[in-house]
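[1] no letters, just coordinates:
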């Protein structure tokens, strides 16, 4: 709720909203999360607010998975995996 660019409009009242969260296995201060507004990265040590990752043209992220090697895998509503 502190970051309006992360949650849109009436997200608190919309039961279809979801949030996916993955922590970086190599740096516990860094985590990635997705909402219907996009894909975000947040480093609690270096940043004061999350940064939006570019996902233009591939829809909203619906699933996240972090590998042991530090790679983030994201699934999107259009069926793409990046």
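    That came through fine. Computed from a prediction, not measured in an experiment: that's the story for all the values here.

[2] from here on, just use CA atoms for contacts and neighbour counts.
    Will do.

[3] pLDDT below threshold where in the chain?
    1-18 (pLDDT under 70).

[4] residue boundaries of the strands in it?
    For the chain, the strands defined by DSSP state E occupy 20-23, 30-35, 38-43, 51-53, 61-66, 72-76.

[5] which among the ones you listed is found nearest to residue 82?
    strand 72-76 (5.4 Å; Cα to Cα).

[6] which other residues reach the closest one?
    Here strand 72-76 makes contact (Cα atoms under 8 Å, 6 or more residues apart in numbering) with 58-67, 81-82.

[7] and the angle from it to strand 61-66?
    160 degrees (axes from the mean of the first three to the mean of the last three Cα atoms, to 10 degrees).

[8] may I see the buried residues of strand 72-76?
    74-76 (16 or more other Cα atoms under 10 Å).

[9] picking up where we left off before, derive a PyMOL selection command for the buried subset of the contacts of strand 72-76.
    For the buried members of these, the matching PyMOL selection, counting by 16+ other Cα under 10 Å, is:
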select buried, resi 59+60+61+62+63+64+65+66
